[in-house]
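Asks: need a 3D model of the sequence below.
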Amino acid sequence: MQFIITINGKETLVDEHPETALLDVLRRQNIYSVRCGCETANCGFCTVWLDGKPVLSCSVPVFRADRHEVTTVEGVRDEAESFVELLAKEGADQCGYCAPGLIMTVLALKRSGLPRDDESIRHYLNGNLCRCSGYESQMRAIRQFLKD
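Replies: Residues are numbered from 1 along each chain as shown. Model (predicted):
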């Protein structure tokens with residue numbers, strides 16, 4: 001079936017089985033920041049925005065994205081830059097495999113207007129795994145980013 005998805009502001013026609021994971025569709029569109037780390041919707045590596053809300057693209061069938069807007073880290077590059085710099089400054093960038101999903105989630109939190117205390121941040125980021133850090137360096141970067 002054919003679906004029209006606006007990906008990072010560009011209307012894109014894709015021909016896919018309706019149940020194909022959005023993650024796979026995006027990768028076929030040469031968007032490699034969207035990554036699979038668990039295949040069980042538990043790691044957050046594949047986080048993208050669907051109409052501005054963070055979703056796990058591995059668990060969203062492409063038919064649900066038809067005629068909707070999908071944003072990946074490539075689509076918010078300028079907005080993400082200051083957060084990426086803070087991650088590096090705090091030593092939270094290690095291997096970087098989890099970074100795109102974390103970035104998308106943190107940017108969504110900043111836009112959400114939700115509370116920004118540590119408990120709220122941890123709750124919002126629940127499911128964003130990092131296998132390199134102990135999360136403290138990420139939390140320092142997130143706290144600083146959300147203050148600005």
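
Asks: so Leu86, which of the three states?
Replies: Secondary structure, DSSP: H, G, I helix; E, B strand; the rest coil: Leu86 is helix.

Asks: against Thr71, how distant is it?
Replies: Computed as C-beta to C-beta, to the nearest Å, the Leu86 to Thr71 distance reads 21 Å. Any C-beta I mention is one placed from the backbone N, CA and C, and that applies to glycine too.

Asks: all helices for this protein, in order.
Replies: Counting by DSSP state H, one finds helices in the chain at the ranges 22-28, 77-89, 99-112, 118-124, 136-147.

Asks: same list (these) but as JSON lines, adding mean neighbour count, distance to Phe63 and mean pLDDT.
Replies: As requested, the helices of the chain are arranged in JSON lines below (neighbours: other C-beta atoms under 10 Å; distance: least, C-beta to C-beta, whole Å; pLDDT from 0 to 100):
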{"stretch": "helix 22-28", "mean neighbour count": "21", "distance to Phe63": "10", "mean pLDDT": "97"}
{"stretch": "helix 77-89", "mean neighbour count": "16", "distance to Phe63": "28", "mean pLDDT": "92"}
{"stretch": "helix 99-112", "mean neighbour count": "21", "distance to Phe63": "22", "mean pLDDT": "92"}
{"stretch": "helix 118-124", "mean neighbour count": "14", "distance to Phe63": "27", "mean pLDDT": "90"}
{"stretch": "helix 136-147", "mean neighbour count": "18", "distance to Phe63": "34", "mean pLDDT": "92"}
